[in-house]
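Peer 1: pasting the sequence and the predicted model now:
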Amino acid sequence: MSEQEVSRRRLLASAAAVGGLSLGLSLVPAGAHATSSAGGRPRRAGASWENVIKKSSFSSSSAFNQNWNHLYPWDGDADTHNGAARMHSSQVSLAQGVLTLKATRLAEPDGDSPHAPNAPLWYRSGAIHAKKQILVNDQFPEYDIEGEFRTQTGKGIWPAFWTTGIWPDWPPESDILEYVGNSTNLFNTWSRSADDNEHVERKLISGKKPDAWHRYRVRMSKRGNDVMLDYYFDGVRKATHRGVGWAGVPQWLIINLQMGSWASGIAPGGPGWDKQPGPAGSTYFRARNVRVGRMRAR
């Protein structure tokens with residue numbers, strides 16, 4: 001895991017500590033709050049749309065294997081990240097078009113994560129990533145990414161549906177769904193400033209019931225060297241962010257059920273860190289109708 005990602009999670013935890021994650025909003029780059037029409041940005045003329053991943057990719061094992069891989073996409077230690085869960089393909093299942101990721105608490109930790117902040121691995125869980133990368137450029141100037149999800153939330157639970165730049169190109173990162181130890185979803189857009197510091201633009205969605213089905217969506221549109229991101233919750237546009245310098249940078253699309261770590265409410269190394277408090281038994285994160293479309297310029 002990169003030092004940039006370490007800083008990212010420190011920021012996330014610090015923001016949560018001051019209430020409502022408002023700290024992230026103060027780090028928005030100048031001019032980032034661009035607006036679009038109520039219906040989102042208009043489609044470009046003289047271009048065609050194509051499916052990268054169809055909504056049927058969870059309909060069967062063969063459809064899944066055509067579109068998705070198990071674990072995380074990085075080389076080495078692909079079964080771990082910055083949380084307290086080690087990923088196993090056995091924790092991923094399909095039934096009637098629904099993908100289920102299950103996290104199970106262990107009787108004792110399965111070592112420590114090699115990725116900072118090196119949480120003890122008290123959980124066995126699941127992660128998948130799309131085989132095809134996201135790349136917003138002149139050939140593919142727009143992407144539309146969406147899915148329906150339901151998840152348990154609460155202390156120690158950290159589900160996410162997100163894109164991330166291929167290391168060492170981080171940021172970019174877009175968190176389309178992310179619950180970090182509570183029931184507030186984070187629409188996050190991570191970029192890097194001219195002085196090489198990462199910054200986040202964030203929209204909080206609260207007062208909903210994450211354990212019911214909701215539709216999460218981001219639409220990405222190339223704007224010079226940047227990428228504009230329109231975030232939607234249940235079909236309603238909630239925020240427009242700017243991915244600074246994102247154009248031409250490939251990204252992975254990931255669905256994972258991480259646990260503990262920053263979602264535990266305990267600072268790394270603090271009292272109780274070694275126990276990684278969170279739910280006993282099993283925790284579930286479900287997805288259906290996940291789709292990725294892109295525009296091909298003519």
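Peer 2: Here it is on my side, so go on.

Peer 1: so what would you say the end-to-end distance of stretch 88-105 is?
Peer 2: 13 Å (C-alpha to C-alpha, to the nearest Å).

Peer 1: what's the answer for stretch 152-171, then?
Peer 2: 28 Å.

Peer 1: only the buried residues of it, if you could.
Peer 2: Of the residues in stretch 152-171, 152-153, 156-165, 170-171 count as buried by neighbour count, 16 or more other C-beta atoms under 10 Å. Heads up, the C-betas are built off the backbone N, CA and C, glycines and all.

Peer 1: next: stretch 193-209.
Peer 2: Those would be 198, 199, 200, 201, 202, 203, 204, 205, for stretch 193-209 by 16+ other C-beta under 10 Å.

Peer 1: follow-up on the earlier one: where does confidence bottom out across the buried residues of stretch 152-171?
Peer 2: Lowest pLDDT among the buried residues of stretch 152-171: residue 170, with 92.

Peer 1: wouldn't that one be in contact with residue 163 here?
Peer 2: No: the criterion here is C-beta atoms under 8 Å, and residue 170 misses it with residue 163 at 10.8 Å.

Peer 1: burial measure for residue 219, as a count.
Peer 2: 20 (other C-beta atoms under 10 Å).

Peer 1: part of a strand, is it?
Peer 2: Yes: the assignment for residue 219 (DSSP: H, G, I helix; E, B strand; the rest coil) places it in a strand.

Peer 1: with adjacent residues omitted, what lies nearest to it?
Peer 2: residue 230 (4.5 Å; C-beta to C-beta, 6 or more residues apart in numbering).

Peer 1: just residue 164 next, same as before
Peer 2: Using C-beta to C-beta, 6+ apart and skipping residues adjacent in sequence, the residue nearest residue 164 is residue 173, 4.7 Å away.

Peer 1: from residue 167, how far off is that neighbour?
Peer 2: Applying C-beta to C-beta, to the nearest Å, the value for residue 173 to residue 167 is 11 Å.

Peer 1: residues contacting residue 238?
Peer 2: 187, 203, 205, 231, 232 (C-beta atoms under 8 Å, 6 or more residues apart in numbering).

Peer 1: helix, strand, or coil at it?
Peer 2: Reduced to three states by three-state DSSP, residue 238 is strand.

Peer 1: can you check residue 57 too?
Peer 2: Assignment for residue 57 (three-state DSSP): helix.

Peer 1: who's in contact with the nearest residue in space to it that is not next to it in sequence?
Peer 2: Counting by C-beta to C-beta, 6+ apart, residue 67 is the residue found nearest to residue 57 once chain neighbours are left out, at 4.2 Å. By C-beta under 8 Å, 6+ apart, the residues touching residue 67 are 53, 54, 57, 130, 131, 132.

Peer 1: nearest to residue 236 among the residues you listed?
Peer 2: Nearest to residue 236, judged by C-beta to C-beta, of the contacts of residue 67 is residue 53 at 23.0 Å.

Peer 1: how close does the closest residue to that closest one other than its chain neighbours get to residue 54?
Peer 2: With sequence-adjacent residues excluded and distances taken as C-beta to C-beta, 6+ apart, residue 53 is closest to residue 292, at 4.1 Å. Computed as C-beta to C-beta, the residue 292 to residue 54 distance reads 9 Å.

Peer 1: ok, residue 199 next?
Peer 2: From residue 199 to residue 54 the distance is 35 Å (C-beta to C-beta).

Peer 1: now residue 247
Peer 2: Distance, residue 247 to residue 54, by C-beta to C-beta: 26 Å.

Peer 1: then residue 121?
Peer 2: For residue 121 relative to residue 54 (C-beta to C-beta), the value is 34 Å.

Peer 1: these two: which is more packed in?
Peer 2: Just comparing residue 121 and residue 54: by other C-beta under 10 Å the higher neighbour count belongs to residue 121, 25 against 16.

Peer 1: which of the three states applies to residue 90?
Peer 2: With three-state DSSP as the basis, residue 90 sits in helix.

Peer 1: residue 73 contacts residue 252, correct?
Peer 2: Yes: using C-beta under 8 Å, residue 73 makes contact with residue 252 at a distance of 4.4 Å.

Peer 1: what sits in contact with each of these two?
Peer 2: Common neighbours of residue 73 and residue 252 (C-beta under 8 Å, 6+ apart) are 129, 166.
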